[in-house]
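>>> generate coordinates for the sequence data below:
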Amino acid sequence: QVQLAESGGGLVQAGGSLRLSCVASGRTTYNMGWFRQAPGKEREFVAAISRLSGSTLYADSVNGRFTISRDNAKNTVFLQMTSLKLEDTAVYYCAFRPGFWMADRQKEKSEYDGWGQGTQVTVSS
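Below is the predicted model:
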């Protein structure tokens, strides 16, 4: 059974950067995704990466500002966030999705089998 643990969240000023990490235990060769949930809002897709890093996918709202990557030797997935905006404030979750990479499904939270506990990112003005 895969367990995920996120870290790296915190308080940052608008325009700043943060790097989130997600460490996986157990079998880790899955497609991975990052989602976020702001207060009073639905959990939304942020980014995804295929098992061997050959494919990545981003939400329009973060494309060009965030970069997802992974180090399979360390069972870790990263989310590098730059040019942060107030609207990026949320709890960020990583998740794993078994099976083949399918871009249209990587954006759907119902497609993911397991989630971490989340890490809070707060962007201040």
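>>> for the rest of this, base every contact and every neighbour count on C-alpha atoms.
OK.
>>> tell me which helix or strand of the protein sits lowest on mean pLDDT?
In the chain, no helix or strand scores lower on mean pLDDT, DSSP states H and E than helix 103-106, which sits at a mean of 91.
>>> nearest spatial neighbour of the residue positioned nearest the centre of the chain, skipping sequence neighbours?
Most central residue of the chain, judged by C-alpha distance to the mean C-alpha position with CA atoms, centre = their mean, is residue 34 at 2.0 Å. Beyond its immediate neighbours in the sequence, the residue positioned closest to residue 34 (CA to CA, 6 or more residues apart in numbering) is residue 94, lying 4.5 Å away.
>>> hang on, the one you found is in a strand, isn't it?
Yes. Looking at residue 94 with DSSP: H, G, I helix; E, B strand; the rest coil, it is inside a strand.
>>> about what we covered before: next structured bit after the least confident helix or strand of the chain?
Proceeding N to C from helix 103-106, the next assigned helix or strand is strand 114-115, under DSSP states H and E.
>>> partner strands of that next one, parallel or antiparallel?
strand 90-97 (antiparallel) (DSSP bridges).
>>> so how far is the strand it pairs with off the chain centroid?
Distance of strand 90-97 from its chain centroid, counting by CA atoms, centre = their mean, to the nearest Å, is 5 Å.
>>> phi and psi next, for the closest residue to residue 97 other than its chain neighbours.
Nearest-residue entry for residue 97: residue 112, 4.5 Å, with adjacent residues in sequence omitted and distances by CA to CA, 6+ apart. Here is the backbone geometry of residue 112 (degrees, to the nearest 10): phi -100, psi 140.
>>> so for residue 112, what's the pLDDT?
In the prediction, the pLDDT value recorded for residue 112 is 95.
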